[in-house]
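Student: Dropping a prediction and its sequence here:
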Amino acid sequence: MGIFSALKDKLFGASTPIPPVTPPAAAASASATAAPVIPLLDVEAVLTFMASQHKGKLNWKESIVDLMTLLDMDNSLANRRELADELGFTGDKQDTATMNVWLIKEVMRQFAANGGHVPASMTD
């Protein structure tokens, strides 16, 4: 299992009282002839709830290290570089600041692509 798969499993398997989000009515009516609408996991709400239960203050919206910490994952540089490889980072992995900024945005984009509702501000 890859690092992203483990992150996704930790998030989507999180047992929290946060309900799923359903798309807006306009989106639902536009796809009335398509397959039924599947509720999305509200990624921001779940992670916010998890952070409220965490003993330390984490900046998980902007820091891949903090997100991995929140999801109880090894946030070592080696693991972040492996995650960057998995997700297709083409930049210089020696430039960890740039890689980390790219990683947090890409992980959020991947959460959205895998059934999560993620605000655009967290993927841009």
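Tutor: Arrived safely.

Student: ok, so what distance separates L87 from N114?
Tutor: As judged by CB to CB, to the nearest Å, L87 and N114 stand 12 Å apart. Yep, even glycine has a C-beta here, placed from its N, CA and C like the rest.

Student: Below-threshold pLDDT in this protein: ranges please.
Tutor: By pLDDT under 70, the low-scoring segments of the chain are 1, 14-39.

Student: what about K93, which SS state?
Tutor: Three-state call for K93 (DSSP: H, G, I helix; E, B strand; the rest coil): coil.

Student: secondary structure element for the closest residue to it other than its chain neighbours?
Tutor: Spatially, and ignoring its direct neighbours in sequence, K93 is nearest to R81 (5.0 Å; CB to CB, 6 or more residues apart in numbering). Counting by DSSP states H and E, the element that carries R81 is helix 77-87.

Student: list the helices and strands that helix packs on?
Tutor: When contacts are defined as 3 or more CB pairs under 8 Å, 6 or more residues apart in numbering; DSSP states H and E, helix 77-87 packs onto helix 3-12, helix 64-70, helix 96-113.

Student: That concludes my questions; thank you for your assistance.
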